[in-house]
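1. sharing a model prediction with you, sequence too.
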There are 2 protein chains.
Amino acid sequence: MAKKLTDIAGLGAVKLLDHITKAIEAKQPSTVKGLGDDAAVTDYNGAQTVTATALLLEGVHFDLTYTPLKHLGYKTVISAINKIYAMNAKPAQVMITAGLSQRFAVEHVEELFGGVATACTRYGLDLVDVALSTSLTGLTLGATATGAAPAAHLVYRSGGKPTDLLCLTGNLGAAYMGLQLLKREKTVFEGNSSAQPQLEGYSYILERHLKPEAQKDVIDLLAAHHLVPTAMISVSEGLAAGTLHLCKQSNCGARIYLERLPIASETFRMAGEMNLDAVVAALHGGDDFELLFTLPVTLHDVVRRELQGIDVIGHLTGAGEGAHLITPDNQTIALKAQGWTTSNEQ
Amino acid sequence: MAKKLTDIAGLGAVKLLDHITKAIEAKQPSTVKGLGDDAAVTDYNGAQTVTATALLLEGVHFDLTYTPLKHLGYKTVISAINKIYAMNAKPAQVMITAGLSQRFAVEHVEELFGGVATACTRYGLDLVDVALSTSLTGLTLGATATGAAPAAHLVYRSGGKPTDLLCLTGNLGAAYMGLQLLKREKTVFEGNSSAQPQLEGYSYILERHLKPEAQKDVIDLLAAHHLVPTAMISVSEGLAAGTLHLCKQSNCGARIYLERLPIASETFRMAGEMNLDAVVAALHGGDDFELLFTLPVTLHDVVRRELQGIDVIGHLTGAGEGAHLITPDNQTIALKAQGWTTSNEQ
């Protein structure tokens, strides 16, 4: 083409997605929720089913130098099913597509699918389709998960209201710091192949990166207390991107209090060792697979009393007020989405 | 690993798939059909929904040297929805994941999704999810399609009975010969960049490779005549592999008559020009997206009279009799699946 082309990095991932989907309108009677959420929702004969997909690419989403194939198979399943949980639905089936590079042997495929099977057992899923292909370019993994929920239980990104509490499961930035540790040890190893990796004392952040879990327990906990969030999203690309997506779909702003961000001690320790900022990891680090959800402010006492392991990190505000991080000395920092670096799976 | 590893090519794609899935049993009440068919079938509250996936990898499933991105986007949708039609169901939603290599500009992504949008319009689909990611290795495309059918209309690979007619839509080997032509012209071009591609007179086989269609019209035709096949499969990896899959799932053998194989004149002509065998292209060429289905032999007159464009190419036989091609001089050639060369999407 002779005409000047537009750089994707310049436009940014979110705008690119908006750009290519702006003219698209759902027209099928069976489509309940199309673009713009964690998963698609369809309704056939009154049953609401939820479908989500994930794509994991070698060199972008994983590095086989330090990623055991069994863990990778497990994580591939988690990547898809966490989006079903993010709709307050329960996954029941998973489908896997894999492009296998030439260096793969049968035993490697066994390891990979051993991890898939372990995840299926742990989360009560049927593996209902497997398609294998050769790949000339690297290992490629696709996962599709299906599940369901009663219509009244489904939670979208779009239901949040001003003053709603912003609630977060688990903690942030751990998977990112686990990844930084693995990258550091790979660099050391490449410089000196007799070096042994220094991974002691960091088992938590390593596991958060290599073998993350999906938020099944949180969905069960919410159901046990008859709580249906007003909005919810899977935080797979950092808290900033997740908050901005939720705010956009709910047409709200947000205030998040820095001192309330849950960050694990190993995450802080590793960040200190590497002269990195743990808060930046929390805001922009990927692969946490936590859920960010909103509940009416009137439920504040219930959340604090009944929802163990859930932190209230802030609240929604009116449209046009923007999404901000508030520091302990009351500075206001506008949240920004990260650039076109890894994926835009949200 | 110190122990000796098993070569995938030696085991073969079909056995590899059997190997890694042999211990898997569907356990979820909502799973109607799991592994071993074109698509998975789930039942939530009595509605049967069908989900299928496809993965297309640069260098394996397409070559960007001669594949327009708009056609590739179209074909990506077709790859997934044809599996829904192969269940005698109707697709209504499609989800696309894309790993974009660094050399992609916004305009390229627009072209790609222009093709996706065209397919959605042509087939009455909603695009309900798009996830974009960078790719370090090449363009990667994933498609997931969902659809539905009344339970009594769903057709599996497993319902065929001995004496059932083997029926085939369209014709075979055209996409494969179109691909060979494009490959030849690429080689010529690389040797002499002033050469112009010699594609005249082959528009049909080129279109069959670059912009295939899904079998919506056949599904509509069957419905119009109140015909529900006993078994059906999408022939995406050649007639041999498709027949063997259908026979295995139906626990039958098959006899296919060589002189009845529908092969287009351009396919024959191109094969002759290249000293290739058009029948080999029909048996083992990929990307035809035709449907192979079975109907009771008592419907033979109805099929011949009412189903325009459908050929009866043979019939099923008893289990243990194997799948064979019968030549005009009554030789019997056992059908074999191709090796681990491209994909094993069936």
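-> Everything's here; your move. Everything numeric in this text was worked out from a predicted model, so none of it was measured.
2. enumerate the residues of the stretch 101-250 of chain A near chain B.
-> Taking Cβ under 8 Å from any Cβ of the partner chain as the test, the list of the stretch 101-250 of chain A residues beside chain B reads A:104-110, A:113, A:117, A:124-138, A:140, A:142, A:144, A:146, A:148. Bear in mind the C-beta positions are built from the backbone N, C-alpha and C, glycine included.
3. the helix or strand containing residue A:146 pairs with which strands, and in what direction?
-> Assigned by DSSP states H and E, residue A:146 belongs to strand A:140-148. The partner list of strand A:140-148 in its sheet, established with DSSP bridges, is strand A:47-57 (antiparallel), strand A:90-101 (antiparallel).
4. just the CA atoms of the helix or strand that the shortest one is followed by, as CSV, please.
-> By that I understand strand A:47-57. Toward the C-terminal end, the helix or strand that comes next after strand A:47-57 (DSSP H and E) is helix A:69-85. Taking C-alpha atoms only, helix A:69-85 is exported to CSV below (Å, rounded to 0.1, in the frame of the first residue of the first chain):
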residue,chain,number,x,y,z
LEU,A,69,3.8,-27.1,30.4
LYS,A,70,1.5,-28.6,33.0
HIS,A,71,1.1,-25.2,34.6
LEU,A,72,0.6,-23.6,31.2
GLY,A,73,-2.2,-26.0,30.4
TYR,A,74,-3.8,-25.2,33.8
LYS,A,75,-3.4,-21.4,33.3
THR,A,76,-4.9,-21.6,29.8
VAL,A,77,-8.1,-23.0,31.3
ILE,A,78,-8.1,-20.4,34.1
SER,A,79,-7.7,-17.6,31.5
ALA,A,80,-11.1,-18.5,30.0
ILE,A,81,-13.1,-19.6,33.0
ASN,A,82,-12.3,-16.6,35.1
LYS,A,83,-14.2,-14.5,32.5
ILE,A,84,-17.3,-16.7,33.1
TYR,A,85,-16.9,-16.2,36.9
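5. so, in contact with chain B or not, helix A:69-85?
-> No. In terms of Cβ under 8 Å from any Cβ, no part of helix A:69-85 sits within range of chain B; the closest distance is 9.3 Å.
6. please apply the same query to stretch A:32-40.
-> Yes. Stretch A:32-40 lies in contact with chain B when judged by Cβ under 8 Å from any Cβ; the contacting residues are A:33, A:34, A:35, A:39, A:40.
7. buried ones from the residues of the stretch 101-250 of chain A next to chain B, can you make that a PyMOL selection?
-> Here is the PyMOL selection string for the buried members of these, based on 16 or more other Cβ atoms under 10 Å in any protein chain shown:
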select buried, chain A and resi 104+105+106+108+109+110+113+117+125+126+127+128+129+130+131+132+133+134+135+137+138+140+142+144+146+148
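8. and the residues of the stretch 101-250 of chain A next to chain B, which of them are in strands?
-> With strands taken from DSSP state E, the overlap with those comprises A:126-135, A:140, A:142, A:144, A:146, A:148.
9. mind picking the two most distant members of those residues?
-> Longest distance between any two of those is 34.6 Å, between A:134 and A:148; criterion Cβ to Cβ.
10. next, give phi and psi for residue A:287.
-> Recorded main-chain torsions at residue A:287 are phi 70, psi 20, according to degrees, to the nearest 10.
11. leaving out chain neighbours, which residue sits closest to it?
-> Taking Cβ to Cβ, 6 or more residues apart in numbering or on different chains, and ignoring the residues beside it in sequence, residue A:287 has residue A:175 as its nearest neighbour in space, at 4.0 Å.
12. now tell me what touches the helix or strand harbouring that neighbour from outside.
-> When secondary structure is defined using DSSP H and E, the element that contains residue A:175 is helix A:174-191. Judged by Cβ atoms under 8 Å, 6 or more residues apart in numbering or on different chains, the contacts made with helix A:174-191 from elsewhere in the structure are A:63, A:65-66, A:195, A:197-199, A:202, A:204-210, A:212, A:238, A:263-264, A:266-267, A:270-271, A:274, A:276, A:278, A:281, A:284-289.
13. alright, that wraps it up for me.
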